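Enquirer: My questions are about this predicted structure, shown below with the sequence.
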Amino acid sequence: MLHGLTLVGGIFACSTSVLFIKGSQMHPATLACARLLVAVVVLAPVFVRDLRRHRGAAARAQRRRGLLPGGRLGLHLITWNEGARMTSAVNASLVVNMVPLATPLFLRMVAGERLNRGEWIGTALGSAGVVLLTARDYQLDPMHFLGDAICFGSMLLFALYLVFGRRHRDLPSVFLYVVPLYGTAALTCALAALVVSEPLAHAFEPWELLMALGLGLVPTVLGHSALNFAMKHFRGQVVTVSNLSQPLFAGALAFVLLAEVPTLEFYVACALIVAGAVAALREA
């Protein structure tokens with residue numbers, strides 16, 4: 001039950017990222033670097049605590065496992081920040097929620113994990129729910145094509161990054177994995193920011209600092225850390241199918257914060273996505 005609540009809480013936290021991204025004018029690479037540095041600083045005391053508990057060569061080798069997926073996470077955050085700004089929120093949500101369609105191949109290649117019948121059914125139901133939720137407002141606009149393509153590449157990077165969390169499920173502490181991962185991702189974003197013009201434009205404005213702090217604390221420290229924790233305790237496809245509920249949380253936030261009344265399709269999509277998660281969990 002605790003693991004399940006952690007997963008749900010992490011998905012909700014991740015669903016807030018688009019609000020902070022849309023509210024910021026920082027360069028995508030700089031914004032991604034800032035959120036990751038916030039996460040590293042906040043989690044550093046926990047990392048040091050677990051470092052003392054798990055000493056030795058084995059622990060050092062385990063900490064190095066976050067380096068490769070960290071680079072992928074950094075590239076994902078840069079491309080997601082850029083793509084989400086170049087297309088509509090609906091288009092970005094639909095594309096990024098195609099992750100369960102990509103993870104079966106990655107799970108097989110990286111973690112040696114094959115989907116069972118319940119996970120295939122859950123993937124189909126959850127994906128149908130996302131399509132129902134977004135298809136009506138999806139815009140086939142040439143002006144959005146590049147943004148959609150960038151979001152698609154970002155989705156593949158996110159799927160591969162998540163699958164690596166499943167591969168390293170034997171780690172004694174998730175923080176020994178995610179803190180080096182966030183640090184590597186921050187370095188990747190910092191290097192990317194160096195090649196763009198005016199990477200620090202708007203960076204020190206109070207509002208921009210608030211957006212970076214929010215991104216670091218909510219969707220990163222709480223969201224991504226919880227997803228990596230869930231990858232230790234659930235099968236990979238269960239996590240990615242459950243992650244399809246992000247648009248549902250986003251819709252709930254829009255209702256509370258923006259007084260946007262959900263449509264009938266929203267409730268039907270909710271039922272399909274929840275049914276998909278249940279189907280995947282039943283045979284996990």
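Expert: Thanks, I have it. Numbers count the residues shown, from 1 in each chain.
Enquirer: any idea how far residue 13 is from residue 27?
Expert: Per CB to CB, to the nearest Å, residue 13 is found 24 Å from residue 27. Just so you know, the C-beta spots here come from the backbone N, C-alpha and C atoms, and that holds for glycine as well.
Enquirer: and what of residue 153?
Expert: From residue 153 to residue 27 the distance is 18 Å (CB to CB).
Enquirer: And those two? Which one has more around it.
Expert: Here residue 153 and residue 27 are compared on neighbour count by other CB atoms under 10 Å; more neighbours surround residue 27, at 23 against 15.
Enquirer: Return the residues in contact with the more buried one.
Expert: Residue 27 makes contact with 193, 196, 198-199, 201, according to CB atoms under 8 Å, 6 or more residues apart in numbering.
Enquirer: Which of these ranks first by neighbour count?
Expert: Top of those by neighbour count (other CB under 10 Å): residue 193, with 22 neighbours.
Enquirer: isn't that one right up against residue 30?
Expert: Yes - assessed by CB atoms under 8 Å, residue 193 is found in contact with residue 30 at 4.9 Å.
Enquirer: list residues touching both of these two?
Expert: Common neighbours of residue 193 and residue 30 (CB under 8 Å, 6+ apart) are residue 199.
Enquirer: who's in contact with residue 162?
Expert: By CB under 8 Å, 6+ apart, the residues touching residue 162 are 99, 103, 227-228, 231, 236, 239-240.
Enquirer: Tell me which helix or strand it sits in.
Expert: Assigned by DSSP states H and E, residue 162 belongs to helix 142-167.
Enquirer: Out of the contacts of residue 162, which comes closest to residue 49?
Expert: In terms of CB to CB, no member of the contacts of residue 162 lies closer to residue 49 than residue 228, at 17.5 Å.
Enquirer: helices and strands of this protein: which one bottoms out on pLDDT?
Expert: Least confident helix or strand, the chain: helix 57-63 with a mean of 58, by mean pLDDT, DSSP states H and E.
Enquirer: Check which helices and strands the helix or strand following it is in contact with.
Expert: Sequence-wise, the next helix or strand downstream of helix 57-63 (DSSP H and E) is helix 67-86. In terms of contacts (3 or more CB pairs under 8 Å, 6 or more residues apart in numbering; DSSP states H and E), helix 67-86 is packed against helix 17-22, helix 28-53, helix 89-96, helix 142-167, helix 174-194.
Enquirer: what's the angle between helix 67-86 and helix 28-53?
Expert: Angle, helix 67-86 to helix 28-53, by axes from the mean of the first three to the mean of the last three CA atoms, to 10 degrees: 150 degrees.
Enquirer: Let me see the mean pLDDT of helix 67-86.
Expert: Averaged over helix 67-86, pLDDT sits at 83.
Enquirer: go on, stretch 218-229?
Expert: Per-region confidence: stretch 218-229 scores 92 on mean pLDDT.
Enquirer: now the protein, which segments are flagged as low pLDDT?
Expert: Applying pLDDT under 70 to the chain flags residues 56-64, 66, 88-91, 93-94, 133-144, 197, 250-251, 254, 257-263, 283-284.
Enquirer: what does stretch 10-23 contact?
Expert: Outside stretch 10-23, the residues within contact range by CB under 8 Å, 6+ apart are 31, 80-81, 84-85, 89, 92-93, 207, 211-212, 214-215, 218-219, 222-227, 229-230, 242-243, 245-247, 249-250, 253.
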